[in-house]
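Student: Sequence and computational prediction follow.
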Amino acid sequence: MEQQRLDKIIASTGKWSRREAKELVRRGLVTVNGAAALSVEEKFDPEEAAIHVNGEPLLFRRYTWVMLNKPAGFLSATEDGRGKTVLELLPRDLQRQELFPVGRLDKDTEGLLLLTNEGGLAHALLSPKRHVDKVYYVRTSGRLTEEDCRAFAAGMSLADGLQCLPAGLEILTAGEESEARVTLREGKFHQIKRMLAARGKPVAYLERVQMGDLPLDPELPRGAFRFLTEEEIAKLRALV
């Protein structure tokens, strides 16, 4: 990897600013390959150099990928004057890493949301040309029918002008309140809510449970996050 200034490498973890990195070096708390760092202007390959801060090894990530189990009430944005954003669910060191949501979930929609600072892969996953499947669990008011499934599979043209690609609707339960899995190959504004409203089955609850081959971790509590594994990131790369 290309060599980088020591202060940039330290700051990339999100735990310290560049100014704080300079102070750490001045106090002799930073070592590189076993020797005390002399200046933050020194350059190293962050993937090859053994860097320690206050005796602890520095964990360098070229890019950060986070899986968040989004709760209702948070906006899928980096900043928004209308309310709390999903970044507020992350610790301060991650907030400093310029993460952004990969796509959006409505404020009241819960479930799988990825955040990253790898712009190229994130934008490729969201590209309409890629058609990366997104799977949702939905609860509706009203009885879902096979006719609804056929309407989704055919692609819907809504009265408000929205043209929807063919989508999957798998009925799990049907009654006064129904449950289903919906699979989209696109992600237009309030799309599932608008499609089901057009069928007379308004959405009561919505949760994203899968993106491509990546499911929401069932062990991840609502409002919690974890880093993606290298295997999971490789699956995302394979999609594009």
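Tutor: In hand now; what should we look at?
Student: quick one: low-confidence ranges for this structure?
Tutor: Judged by pLDDT under 70, the chain has no weakly predicted residues.
Student: Find the residue at the geometric middle of it.
Tutor: Here the mean C-alpha position of the chain is nearest to the C-alpha of Leu114 (CA atoms, centre = their mean), at a distance of 1.0 Å.
Student: Okay, and the beta partners of it?
Tutor: For Leu114, the beta-bridge partners under DSSP bridges are Met67.
Student: try Arg226
Tutor: Following DSSP bridges, Arg226 is listed with bridge partners Met67.
Student: same thing with Arg139?
Tutor: Residues in a beta bridge with Arg139, per DSSP bridges, are Glu179, Tyr205.
Student: ok, it to Ala77 distance?
Tutor: With distances defined as CB to CB, to the nearest Å, the gap from Arg139 to Ala77 amounts to 25 Å. The way it works is simple: take the backbone N, C-alpha and C, and place the C-beta from them, glycine included.
Student: How about Ala50?
Tutor: With distances defined as CB to CB, the gap from Ala50 to Ala77 amounts to 38 Å.
Student: Next: Asp108.
Tutor: When CB to CB is the yardstick, Asp108 and Ala77 sit 15 Å from each other.
Student: And Lys70, by the same measure?
Tutor: As it turns out, when the distance is counted by CB to CB, Lys70 lies 12 Å from Ala77.
Student: Pick out whichever of those two has more residues nearby.
Tutor: With other CB atoms under 10 Å as the criterion, Lys70 and Ala77 differ in neighbour count, and Lys70 comes out ahead with 26 against 17.
Student: Dihedrals phi and psi, that one?
Tutor: With angles defined as degrees, to the nearest 10, Lys70 shows backbone torsions of phi -70, psi 130.
Student: go on, Pro101?
Tutor: With angles defined as degrees, to the nearest 10, Pro101 sits at phi -70, psi 140.
Student: Tell me how many other residues crowd it.
Tutor: With neighbours defined by other CB under 10 Å, the count for Pro101 comes to 21.
Student: mind listing what the residue nearest to it when sequence neighbours are not counted touches?
Tutor: Distance criterion CB to CB, 6 or more residues apart in numbering; nearest residue to Pro101, sequence neighbours excluded, is Ser76 at 4.4 Å. Taking CB atoms under 8 Å, 6 or more residues apart in numbering as the criterion, Ser76 is in contact with 70, 85-86, 101, 103-106, 113.
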